[in-house]
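quick check, what structure comes out for this input:
(chains A and B)
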Amino acid sequence: SAVISQKPSRDICQRGTSLTIQCQVDSQVTMMFWYRQQPGQSLTLIATANQGSEATYESGFVIDKFPISRPNLTFSTLTVSNMSPEDSSIYLCSVMNGGVGTEAFFGQGTRLTVV
Amino acid sequence: DAKTTQPNSMESNEEEPVHLPCNHSTISGTDYIHWYRQLPSQGPEYVIHGLTSNVNNRMASLAIAEDRKSSTLILHRATLRDAAVYYCIANAGGTSYGKLTFGQGTILTVHP
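Sure, this is the predicted structure:
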């Protein structure tokens, strides 16, 4: 298993500003992902955080809006840039370790409100 | 990931078994079937996963149809703590490994 700590747990931000969310894992993991959960909706994958290289983004998400860093095998950050009220969501970090068929673990999420 | 179909909601009484169905008719032979649940105000929690054979763990059992086009998550004795949204995901390997496609899930209500 893996224990994931996300910071901050929640924040209220002004539109036009940026927020960086941190994800710390208690052990080295091969795969790290960032998801978004809009109010009342299910989770949507934003990107795969690749260690030592640029993140891989899913359709509809771009690096300029959601820059991601992953400097090592236990840590990643997601920045939500130039925020608007539509960015109000829960952002979740997820990790997988091992080969195909292993389970994923999720952080508790960062609840972001943009005003 | 293959598309999955789940009922929007189900209800159960405490201490009774619960069978949560999932259809995944377009699943490929190498897709693993994952179940996660999300309690209110929490991140998703892993429940169980399998490929072909039925699986048991301390939380639940997973029954996979012989043709793999459907599966059922079984909670043997529901408790109030089991009230959550349950997600069934057919996760592909290869370049899709680890990228989970969440549907709307099944909202499970447990009555005392």
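
going forward, measure contacts and count neighbours with C-alpha atoms only.
Noted.

neighbouring strands of the helix or strand harbouring residue A:21 in the sheet, and parallel or not?
Following DSSP states H and E, one finds residue A:21 within strand A:19-25. Using DSSP bridges, strand A:19-25 pairs in its sheet with strand A:4-7 (antiparallel), strand A:75-80 (antiparallel).

ok, now how distant is residue B:78 from residue A:26?
Distance, residue B:78 to residue A:26, using C-alpha to C-alpha, to the nearest Å: 31 Å.

of these two, which one has the most company?
residue B:78 (21 against 12; other C-alpha atoms under 10 Å in any protein chain shown).

would you mind giving both backbone torsions of residue B:75?
phi -100, psi 120 (degrees, to the nearest 10).

point me to the residue of chain A nearest chain B.
residue A:108 (4.5 Å; C-alpha to the nearest C-alpha).

for the closest residue in space to residue A:84 that isn't next to it in sequence, give me its contacts.
In this structure, residue A:84 finds its nearest non-sequential neighbour in residue A:15, 4.9 Å apart by C-alpha to C-alpha, 6 or more residues apart in numbering or on different chains. By C-alpha atoms under 8 Å, 6 or more residues apart in numbering or on different chains, the residues touching residue A:15 are A:82-85, A:114-115.

now, which of those lie within strands?
Members of the contacts of residue A:15 lying in strands (criterion: DSSP state E): residue A:114.

tell me which two of the contacts of residue A:15 sit farthest apart.
A:82 and A:115 (12.2 Å; C-alpha to C-alpha).

sketch out the low-pLDDT regions of the chain for me.
This is for chain A. A:98-100 (pLDDT under 70).

my bad, chain B
In chain B (pLDDT under 70), the answer is B:93-95.

let's see 80
B:1, B:92-98 (pLDDT under 80).

name the SS class of the closest residue to chain A within it, please.
Of all residues in chain B, residue B:43 sits closest to chain A, at 4.5 Å by C-alpha to the nearest C-alpha. The three-state label given to residue B:43 by DSSP: H, G, I helix; E, B strand; the rest coil is coil.

ok, and the closest non-adjacent residue to residue B:64?
residue B:71 (4.4 Å).

may I have whichever helix or strand the one you found is part of as CSV, with CA atoms only?
Taking DSSP H and E as the criterion, residue B:71 maps to strand B:70-75. What follows is strand B:70-75, C-alpha atoms only, in CSV (Å, rounded to 0.1, in the frame of the first residue of the first chain):
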residue,chain,number,x,y,z
SER,B,70,-19.9,-8.5,-16.5
SER,B,71,-18.9,-8.7,-12.9
THR,B,72,-20.4,-8.3,-9.4
LEU,B,73,-19.0,-6.8,-6.3
ILE,B,74,-20.3,-8.6,-3.2
LEU,B,75,-20.3,-7.0,0.2
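
elements contacting the helix or strand following that strand?
Next in sequence after strand B:70-75, counting helices and strands by DSSP H and E, comes strand B:84-91. Using 3 or more C-alpha pairs under 8 Å, 6 or more residues apart in numbering or on different chains; DSSP states H and E, the elements in contact with strand B:84-91 are strand B:32-38, strand B:106-111.

now strand B:84-91 against strand B:32-38, angle please.
On the basis of axes from the mean of the first three to the mean of the last three C-alpha atoms, to 10 degrees, strand B:84-91 is oriented at 160 degrees to strand B:32-38.
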